[in-house]
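Engineer: generate a structure from the sequence data that follows.
(chains A and B)
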Amino acid sequence: ETGVTQSPTHLIKTRGQQVTLRCSSQSGHNTVSWYQQALGQGPQFIFQYYREEENGRGNFPPRFSGLQFPNYSSELNVNALELDDSALYLCASSWVDRASNEQFFGPGTRLTVL
Amino acid sequence: GENVEQHPSTLSVQEGDSAVIKCTYSDSASNYFPWYKQELGKGPQLIIDIRSNVGEKKDQRIAVTLNKTAKHFSLHITETQPEDSAVYFCAASKSTGGFKTIFGAGTRLFVKA
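Structural biologist: Have a look, this model is predicted:
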């Protein structure tokens, strides 16, 4: 069983650019959530995908979008980057059923917007 | 809006002492309360969790208590060790699979040898 992986590890972009971050879910998991973690803060929920459909969204603008693929890997896309988008982006996979709430986090992608 | 407050922001203890971190949540519909440990350069890792139908749960040196009436929950670490040093986050959720999990701001725990 493999854990959650994310790529790239680090990324530097300039304001106004677009970025795509990738996540590979833990084997067998059908749900992925994305979080933004600013320095010194707790993760903030961006959105969740379940079986390739967006399943809920936090307080993030539409320029944050995502995709989940049939193999349950996932992408987070951010358009028109702003300086405040600089953060650690985490994905977490889970198996949505009645018995388990547990999420497994990846190591994150550190995005710096200049 | 939904909120989770966490205290203290920093906690320093001597090896072998106990550490207590407290959280308060705002949404009474929350029914799942996980605690995560985050080490430098890594994602959060679940260390213990509790559901709203349980008041207390223990796993070796770690225990969590939940007071639904007061909307408080706490993490207790006994016999702390230097490797317990990390940032700890409490969180609250009202659905399965991590849906819209709300995190506290974190507590940086230092365990001095």
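
Engineer: so which bits of chain A are right by chain B?
Structural biologist: Within reach of chain B by Cβ under 8 Å from any Cβ of the partner chain, chain A has these residues: A:4, A:31, A:33, A:35, A:40-45, A:48, A:50, A:55-56, A:58-59, A:90, A:92, A:94-98, A:100-108. (Each C-beta comes from the backbone N, C-alpha and C, glycine too.)

Engineer: what remains of those residues if I keep only buried residues?
Structural biologist: A:4, A:31, A:33, A:35, A:42-45, A:48, A:50, A:55, A:58, A:90, A:92, A:94-96, A:101-108 (16 or more other Cβ atoms under 10 Å in any protein chain shown).

Engineer: which ones among these map onto strands?
Structural biologist: Those of these mapping onto strands are A:31, A:33, A:35, A:44-45, A:48, A:50, A:55, A:90, A:92, A:94, A:104-105, per DSSP state E.

Engineer: got those residues as TSV, with pLDDT columns?
Structural biologist: Formatted as TSV, these follow (pLDDT from 0 to 100):
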residue	pLDDT
A:Thr31	89
A:Ser33	93
A:Tyr35	97
A:Gln44	96
A:Phe45	93
A:Gln48	91
A:Tyr50	87
A:Asn55	85
A:Leu90	97
A:Ala92	94
A:Ser94	87
A:Phe104	91
A:Phe105	94
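
Engineer: chain B: which of the residues you listed is nearest?
Structural biologist: Among those, A:Phe105 lies closest to chain B (Cβ to the nearest Cβ), at 3.3 Å.

Engineer: tell me the helices and strands packed up against the lowest-mean-pLDDT helix or strand in chain A.
Structural biologist: In chain A, no helix or strand scores lower on mean pLDDT, DSSP states H and E than strand A:53-57, which sits at a mean of 88. Judged by 3 or more Cβ pairs under 8 Å, 6 or more residues apart in numbering or on different chains; DSSP states H and E, strand A:53-57 is in contact with strand A:44-50.

Engineer: could you list every helix and strand in contact with the strand it packs on?
Structural biologist: Under the contact definition 3+ Cβ pairs under 8 Å, 6+ apart, strand A:44-50 sits against strand A:31-37, strand A:53-57, strand A:64-68.

Engineer: could you identify which of those strands is most buried?
Structural biologist: strand A:31-37 (a mean of 26; mean count of other Cβ atoms under 10 Å in any protein chain shown).

Engineer: any idea which of the helices and strands packed on strand A:44-50 gets closest to A:Gly16?
Structural biologist: strand A:64-68 (15.3 Å; Cβ to Cβ).

Engineer: pLDDT on the following helix or strand past the closest one, on average?
Structural biologist: Remark: after strand A:64-68, the chain's next helix or strand is strand A:74-78, criterion DSSP states H and E. Per-residue pLDDT over strand A:74-78 has a mean of 97.
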